[in-house]
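Undergrad: just a sequence and a predicted model for now, questions to come.
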Amino acid sequence: MLKRWFGRTQSKEQKRMEGRCAECPLAVCASGCRAAVLRMGCDGNEARRLRTLGLFEGACVTVVEAQGGMLLDVCGSRLALGPDLARSITVLPFAS
């Protein structure tokens with residue numbers, strides 16, 4: 001009986017974890033993707049500027065457009081990033 005109960009618990013846990021995506025560069029996210037910022041690998045001045053604009057570790061962003069660069073919705077504002085800068089930011093996409 002306990003084996004059956006623990007087996008069900010593990011399968012529920014596995015199903016819950018299947019919806020999670022792995023961390024990736026922001027540049028590979030498609031339009032409409034929602035994600036949390038994990039790391040900002042750009043230089044200090046650029047990271048400081050982005051933090052001032054609302055893009056910081058822990059912030060939730062939505063990719064509005066992913067053609068060439070990235071157009072993001074950050075805290076209700078639009079923010080455009082070049083492709084090199086988008087590759088330097090690591091995010092954790094939310095399961096859709």
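TA: Noted; the coordinates are in hand.

Undergrad: wait, a strand at Val91?
TA: Yes - the assignment for Val91 is a strand, going by DSSP: H, G, I helix; E, B strand; the rest coil.

Undergrad: against Asp43, how distant is Arg34?
TA: Computed with CB to CB, to the nearest Å, the distance linking Arg34 and Asp43 is 27 Å. C-betas here are computed from N, CA, C, even on glycine.

Undergrad: same question for Leu81.
TA: Separation of Leu81 from Asp43 (CB to CB) stands at 14 Å.

Undergrad: what's stretch 77-86 in contact with?
TA: Where contact means CB atoms under 8 Å, 6 or more residues apart in numbering, the residues beyond stretch 77-86 that reach it are 25-27, 42, 46, 50, 53-55, 64, 68-73, 89.

Undergrad: quick one on the thing from earlier: and Arg34 and Asp43? which has more neighbours close in?
TA: In this comparison of Arg34 against Asp43, neighbours counted by other CB atoms under 10 Å, the higher total goes to Arg34 at 15 against 9.

Undergrad: no further queries at this time; thank you.
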